[in-house]
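Participant: Fold the following, please.
(chains A and B)
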Amino acid sequence: MTSSREWPLWEVFVRARRGLSHQHVGSLHAPDAPMALRNARDVYTRRSEGVSIWVVPASAVVASSPDEKDAFFDPAADKAYRHPTFYDIPAEVQHL
Amino acid sequence: MSVQTQPALPLLAGYALRLGDDALVLGQRLGEWVAHAPQIEEDVALANIGLDLLGQARTLLTYAGEVEGAGRTEDDLAFLRDERDFVGCQLVEQPNGDFAVTMARQLHFSTYQLALYARLQHGADPTLAAVAGKAVKEVAYHRDHATQWVLRLGDGTEESHRRMQAGLDRVEPYLEELFTGDDLVSSLAADGVAVDPEALRPECDAYVDAVLTEATLQRPVPTWHARGGRSGRHSESFGHLLAEMQHLHRSHPGASW
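Facilitator: Model prediction:
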């Protein structure tokens, strides 16, 4: 049997129900895409957590670098005006 | 070993017991893989499949007890019967072997069980039909899972091919029993309650043979056939399985969560 270290890693995304977007739920090892889908079904949806699964090779994920963290994210920290918090919300408006 | 005279069960109770014992014993075998599978993902997959089977067994044994009318519960039937009172087929009690043996057993049994339940869900007994109707989706996944592995192991490396072929060779003698009827099943099948297992064979052979061909594997020609499981005669390892499955309940009667 091939050891798990030789099997590629897959990132798993599950949509909990219609109308929601897929959410990242974790990762797992599998020899190929069809088996990754099945493993994801068994590991992440066995308690009725989902109606749809995506699996993506972890190697296909392009991630931001921790080294770029300051330049990427800090400038947004003091831009309070980008948040829609300067409106008076009528009391009748619900679900906002 | 104490050989007790089995009380004459209503035919329907006997049939539900056969279906339940097949599911119970295979579920117990698959549970043995937990923490021993090649992958943690496969631990979870085999445990899920085992728990599906346990769920089927619980309903079927409960029903067998009700039809029997002697007050026996699912626990009484699962944990307090002796070896000769179990009427499951010998295929499901066969030791797990390596992963390929388990997948060979799983491919054959889930193919058989899917064909069986697909018919039974339209059967004349409402309870058996309901159990089969719910379980048919579970078993469709079991068959798919086994199929995926047989394809990959058969058409994989030299060693995986060799082991997969050995697994198929190991379980082949136990298949004849799955498709062999007897008076009990014939009588119930005539009323539309049971499914004649002989009728399932062409469909099951066609499915398995197609998988094996794609997996570059050979369908073995067995030199002998196991028989007797349905009348309580079991293979050597079954007593050990029962000892492990039953000892907690027998040591602590009435224990519950």
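
Participant: Look at residue 44 and say how many residues are nearby.
Facilitator: Assuming you mean chain A. Counted with other Cβ atoms under 10 Å in any protein chain shown, the burial measure for residue A:44 works out to 19 neighbours. Bear in mind the C-beta positions are built from the backbone N, C-alpha and C, glycine included.

Participant: Chain B was what I was after
Facilitator: A count of neighbours around residue B:44, defined by other Cβ under 10 Å, yields 19.

Participant: go on, residue A:61?
Facilitator: For residue A:61, the neighbour count with other Cβ under 10 Å is 11.

Participant: three-state assignment of the closest residue to it other than its chain neighbours?
Facilitator: Closest residue to residue A:61 apart from its sequence neighbours, by Cβ to Cβ, 6 or more residues apart in numbering or on different chains: residue A:11 at 6.1 Å. When classified by DSSP: H, G, I helix; E, B strand; the rest coil, residue A:11 comes out as strand.

Participant: And residue A:11, how far from residue A:17?
Facilitator: In this structure, residue A:11 and residue A:17 are 21 Å apart, going by Cβ to Cβ, to the nearest Å.

Participant: Can you name the helix or strand that the residue positioned nearest the centre of chain A falls in?
Facilitator: For chain A, the residue sitting closest to the mean C-alpha position, by Cα atoms, centre = their mean, is residue A:24 at 2.5 Å. Assessed by DSSP states H and E, residue A:24 sits inside strand A:23-29.

Participant: strand partners of that strand, parallel vs antiparallel please.
Facilitator: Note on strand A:23-29: by DSSP bridges, its sheet partners are strand A:9-15 (antiparallel).

Participant: Tell me how far the strand it pairs with lies from the chain's centre.
Facilitator: The gap between where strand A:9-15 is centred and where its chain is centred comes out at 7 Å by Cα atoms, centre = their mean, to the nearest Å.

Participant: which residues touch that strand?
Facilitator: Taking contacts as Cβ atoms under 8 Å, 6 or more residues apart in numbering or on different chains, the residues outside strand A:9-15 that touch it are A:21-30, A:33, A:36, A:39-40, A:43-45, A:49-59, A:61.

Participant: mind checking how far the residue nearest to residue A:61 is from residue A:29?
Facilitator: Using Cβ to Cβ, one gets 11 Å for the distance from residue A:11 to residue A:29.

Participant: Identify the contacts common to these two.
Facilitator: By the contact definition Cβ under 8 Å, 6+ apart, residue A:11 and residue A:29 are jointly contacted by no residue.

Participant: Point out where chain A drops to low pLDDT.
Facilitator: A:1-5, A:96 (pLDDT under 70).

Participant: And residue A:30, how close does it get to residue B:170?
Facilitator: Taking Cβ to Cβ as the measure, residue A:30 and residue B:170 are separated by 26 Å.

Participant: ok, residue 48 - how many residues close by?
Facilitator: All of this refers to chain A. 8.

Participant: Switch to chain B, please.
Facilitator: Residue crowding around residue B:48 was assessed by other Cβ under 10 Å; the count is 19.

Participant: check which helix or strand covers the closest residue to it other than its chain neighbours.
Facilitator: Leaving aside its chain neighbours, residue B:48 sits nearest to residue A:42 (5.2 Å; criterion: Cβ to Cβ, 6+ apart). Under the criterion of DSSP H and E, residue A:42 resides in helix A:33-44.

Participant: Contact partners for the closest residue to residue A:43 other than its chain neighbours?
Facilitator: Taking Cβ to Cβ, 6+ apart as the measure, residue A:43 lies nearest to residue B:44, with 5.2 Å between them; neighbours along the chain are not counted. For residue B:44, the contacting residues are A:39, A:42-43, A:46, by Cβ under 8 Å, 6+ apart.
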